[in-house]
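Asks: from the sequence below, what's the structure:
(chains A and B)
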2 protein chains.
Amino acid sequence: MKTKLKVVKIGGAIIDDDHKLNDFLSQFSKLDGLKILIHGGGRIATQINGKLGVKTELNEGRRITTDESIDTVTMVYAGLINKKIVAKLQSKSCNGFGLSGADGNCITAKKRPVDPIDFGWVGDVESVNADLVQLLLKNNLIPVFSAICHDGNGQLLNTNADTISAEIAICMNQIYDVELMYCFEKNGVLSDVWDDNSVIKSINESTYLNLKNEGVIKDGMLPKIDNSFYALSKKVSKVTIGGVNVFDGDKDYTTLTI
Amino acid sequence: MKTKLKVVKIGGAIIDDDHKLNDFLSQFSKLDGLKILIHGGGRIATQINGKLGVKTELNEGRRITTDESIDTVTMVYAGLINKKIVAKLQSKSCNGFGLSGADGNCITAKKRPVDPIDFGWVGDVESVNADLVQLLLKNNLIPVFSAICHDGNGQLLNTNADTISAEIAICMNQIYDVELMYCFEKNGVLSDVWDDNSVIKSINESTYLNLKNEGVIKDGMLPKIDNSFYALSKKVSKVTIGGVNVFDGDKDYTTLTI
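Replies: Model prediction:
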């Protein structure tokens, strides 16, 4: 039987809130067994871009990562946020170890094709270096990933943190029995976005279709759920979407099933 | 006999110059044997602080690291510069692996006492995790350190890159036969600061004293040489100060001896 591994992603809104981040990291630190953390970006990069005078450029309404903004996200995600999280984990006796995809050639990505939309320095994951991640885990190090990857030719690429999490979960599932957990500012997928207690406890592909058609699930939740089903389709054993307290057995969260 | 390990530090002025940095990294990539890279900061943090409106605060004429500026140096050193260097090394088939002191509790530091001068979030190195560095080296990973450390209580600390390099060299010298190399924008310690060919090929503690008294060696070169002698006093086998092309056998550089 394979050893269990939890791949946990925290979203930007948790990172933006010192109190919530601290709560989350305290719980993550206490989590038994092997674990990996992946973090999103939050609003800090946008704020810093604003202060630096880096304009948000859009193409057909979608944000693109320019030469200037890849520098900002590298600074903020792989530097400020990643190291703050690692230092906080270390203070909680959790041996965090920060990584970008470039470090040890851990995650390579390919610049997204410019057609139909040129997103700039945005990458899609090509490969995850499972041997390196396993080496860290075997040595009691807790990998903490920012979503900055590289293309192998010296270019850093901004990558979606939900997608990276799914790709890491899928790749590590060759070696471990992986559970993928998306943690964000809500308690799970909600049937009423204004009611934090309206967590839908289980969603499968057929109920997802209905909930999408009814407009109950929309916007930013769609790619998260699509990534969840993608991970399940690649044999990741369990995928959940929950809140900061998702590790507390008494709390509700959403389990995805196929 | 212990295995040889080169601990190489590059200074900020090399980092600020894309062409020089690329030259240096190409040569570093080709260097045989075990190696570690430590990088300084350069002017980028100062420029970004300026754009972000973070004021340079001084205490008795010396720069202090405020709450805002520790965020900037963390972003710039541990994020932007570190990941750019690692991505460039990867493109040159050199398996760079970026680290701050917080990662895997690699380097702990203690906030410098506020008396006589409060430098803010500046740290002095307490310990280097030699086992972790050895683990990386044994697995063909090339550690690339920024000079950001942590205090173990969740606080990141700005640390002098020359000093960290000496401390890493001293600590790793328990396991390896270490050579410490300081690479900067000049070709070595110069007898005439305006003449790049006036490299002093060898300096010992007694000639250093004379050169200092004569005013030939001054300013920023003093702590670099003090760190060099400190490393030699702790049995690091060789310490050199040279330029970007220091790995090229035909070039002059300065060797420190005690």
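
Asks: all contacts plus neighbour counts: C-alpha atoms, from now on.
Replies: Will do.

Asks: what residues does the stretch 151-258 of chain A have near chain B?
Replies: A:Gly152, A:Asn153, A:Gly154, A:Gln155, A:Leu156 (Cα under 8 Å from any Cα of the partner chain).

Asks: tabulate these in a markdown table, adding columns for pLDDT, distance to B:Asn129 and secondary structure.
Replies: Shown next, in a markdown table, are these (pLDDT from 0 to 100; distance: Cα to Cα, whole Å; DSSP: H, G, I helix; E, B strand; the rest coil):
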| residue | pLDDT | distance to B:Asn129 | secondary structure |
| --- | --- | --- | --- |
| A:Gly152 | 98 | 29 | coil |
| A:Asn153 | 98 | 31 | coil |
| A:Gly154 | 98 | 29 | coil |
| A:Gln155 | 98 | 30 | coil |
| A:Leu156 | 98 | 28 | strand |
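
Asks: in terms of secondary structure, what does the one helix or strand in chain A whose mean pLDDT sits lowest contact?
Replies: Within chain A, no helix or strand scores below strand A:57-59, which has a mean of 78 by mean pLDDT, DSSP states H and E. Counting by 3 or more Cα pairs under 8 Å, 6 or more residues apart in numbering or on different chains; DSSP states H and E, the packing neighbours recorded for strand A:57-59 are strand A:62-64.

Asks: which residues touch the strand it packs on?
Replies: Here strand A:62-64 makes contact (Cα atoms under 8 Å, 6 or more residues apart in numbering or on different chains) with A:Thr56, A:Glu57, A:Leu58, A:Asp118, A:Phe119, A:Gly120, A:Trp121, A:Val122.

Asks: got a winner among the residues you listed for most neighbours?
Replies: Neighbour counts for the contacts of strand A:62-64, by other Cα atoms under 10 Å in any protein chain shown, peak at A:Val122, which reaches 24 neighbours.

Asks: for that residue, give me its contacts.
Replies: A:Ile64, A:Thr65, A:Lys111, A:Arg112, A:Leu157, A:Asn158, A:Thr159.

Asks: for those residues, which one is nearest A:Ala231?
Replies: A:Ala231 has its nearest neighbour among the contacts of A:Val122 in A:Thr159, at 16.9 Å by Cα to Cα.

Asks: ok, the least confident helix or strand of chain A: who's next to it in the sheet?
Replies: Sheet pairing here is set by DSSP bridges, and for strand A:57-59 it gives strand A:62-64 (antiparallel).

Asks: just how off-centre is the strand it pairs with within its chain?
Replies: Between the centre of strand A:62-64 and the centre of its host chain there is 19 Å, according to Cα atoms, centre = their mean, to the nearest Å.

Asks: again, but for stretch A:236-253
Replies: On Cα atoms, centre = their mean, the centre of stretch A:236-253 falls 15 Å from that of its chain.

Asks: and what of stretch A:216-235?
Replies: For stretch A:216-235, the distance to the chain centre is 12 Å (Cα atoms, centre = their mean).

Asks: that stretch: which residues count as buried?
Replies: A:Ile217, A:Lys224, A:Ile225, A:Asp226, A:Asn227, A:Ser228, A:Phe229, A:Tyr230, A:Ala231, A:Leu232 (16 or more other Cα atoms under 10 Å in any protein chain shown).

Asks: closest residue of the stretch 1-150 of chain A to chain B?
Replies: Residue of the stretch 1-150 of chain A nearest chain B, by Cα to the nearest Cα: A:Gly79 (3.5 Å).

Asks: how many neighbours does the closest residue to that residue other than its chain neighbours have?
Replies: Once flanking residues are discounted, A:Gly79 sits nearest to B:Gly79: 3.5 Å by Cα to Cα, 6 or more residues apart in numbering or on different chains. Neighbours of B:Gly79 under the rule other Cα under 10 Å: 30.

Asks: ok, B:Gly79 touching A:Ile81?
Replies: No. Counting by Cα atoms under 8 Å, A:Ile81 is not a contact partner of B:Gly79; they are 9.3 Å apart.

Asks: between the two, which contacts overlap?
Replies: By Cα under 8 Å, 6+ apart, no residue touches both B:Gly79 and A:Ile81.

Asks: for A:Gly33, give me its contacts.
Replies: A:Lys4, A:Leu5, A:Lys6.

Asks: count the residues that sit near the first one.
Replies: Right, A:Lys4. 16.

Asks: likewise the second one?
Replies: Counted with other Cα under 10 Å, residues neighbouring A:Leu5 total 21.

Asks: the helix or strand containing it: how far from the chain's middle?
Replies: Using DSSP states H and E, A:Leu5 falls within strand A:4-10. The chain centroid and the centroid of strand A:4-10 are separated by 10 Å, computed with Cα atoms, centre = their mean.

Asks: mind listing what that strand pairs with, with the direction of each?
Replies: Strand partners for strand A:4-10, identified by DSSP bridges, are recorded as strand A:34-39 (parallel), strand A:177-183 (parallel).

Asks: out of these, flag the one nearest B:Leu31.
Replies: strand A:34-39 (33.3 Å).

Asks: which residue of chain A lies farthest from its centroid?
Replies: Outermost residue of chain A with respect to the C-alpha centroid, by Cα atoms, centre = their mean, is A:Gly53; its distance is 27.4 Å.

Asks: can I get stretch A:212-223 as PDB, trimmed to CA atoms?
Replies: Below are the C-alpha coordinates for stretch A:212-223, written out as PDB (Å, rounded to 0.1, in the frame of the first residue of the first chain):
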ATOM      1  CA  LYS A 212     -23.300  24.900 -13.500                       C
ATOM      2  CA  ASN A 213     -26.400  25.100 -15.700                       C
ATOM      3  CA  GLU A 214     -28.400  26.500 -12.800                       C
ATOM      4  CA  GLY A 215     -25.800  29.200 -12.300                       C
ATOM      5  CA  VAL A 216     -25.100  28.000  -8.700                       C
ATOM      6  CA  ILE A 217     -21.500  27.300  -9.500                       C
ATOM      7  CA  LYS A 218     -19.800  30.000 -11.600                       C
ATOM      8  CA  ASP A 219     -16.800  32.300 -12.100                       C
ATOM      9  CA  GLY A 220     -13.600  31.400 -10.200                       C
ATOM     10  CA  MET A 221     -15.000  28.200  -8.800                       C
ATOM     11  CA  LEU A 222     -15.300  26.600 -12.300                       C
ATOM     12  CA  PRO A 223     -11.500  26.200 -13.000                       C
END
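
Asks: which residues sit against it?
Replies: Counting by Cα under 8 Å, 6+ apart, A:Asp162, A:Val189, A:Leu190, A:Ser191, A:Asp192, A:Tyr208, A:Leu211 sit against stretch A:212-223.

Asks: rounded mean pLDDT for it, please.
Replies: What stretch A:212-223 shows for mean pLDDT is 91.

Asks: equivalent analysis for stretch A:48-56, please.
Replies: 89.

Asks: ditto for stretch A:246-258
Replies: Here the average pLDDT along stretch A:246-258 is 88.

Asks: quick check: end-to-end length of that stretch?
Replies: Using Cα to Cα, to the nearest Å, one end of stretch A:246-258 lies 21 Å from the other.

Asks: again with stretch A:100-118
Replies: Using Cα to Cα, the end-to-end distance of stretch A:100-118 comes to 23 Å.

Asks: and that stretch with chain B, contact?
Replies: Yes. Stretch A:100-118 reaches chain B (Cα under 8 Å from any Cα) through A:Ser100, A:Ala102, A:Asp103, A:Gly104, A:Asn105.

Asks: count the residues that sit near the second one.
Replies: One way to gauge burial is a neighbour count; for A:Ala102, by other Cα under 10 Å, it gives 32.

Asks: export the contacts of A:Val122 as JSON lines, with columns for pLDDT and secondary structure.
Replies: Output for those, formatted as JSON lines (pLDDT from 0 to 100; DSSP: H, G, I helix; E, B strand; the rest coil):
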{"residue": "A:Ile64", "pLDDT": "89", "secondary structure": "strand"}
{"residue": "A:Thr65", "pLDDT": "94", "secondary structure": "strand"}
{"residue": "A:Lys111", "pLDDT": "97", "secondary structure": "strand"}
{"residue": "A:Arg112", "pLDDT": "96", "secondary structure": "coil"}
{"residue": "A:Leu157", "pLDDT": "98", "secondary structure": "strand"}
{"residue": "A:Asn158", "pLDDT": "96", "secondary structure": "strand"}
{"residue": "A:Thr159", "pLDDT": "95", "secondary structure": "coil"}
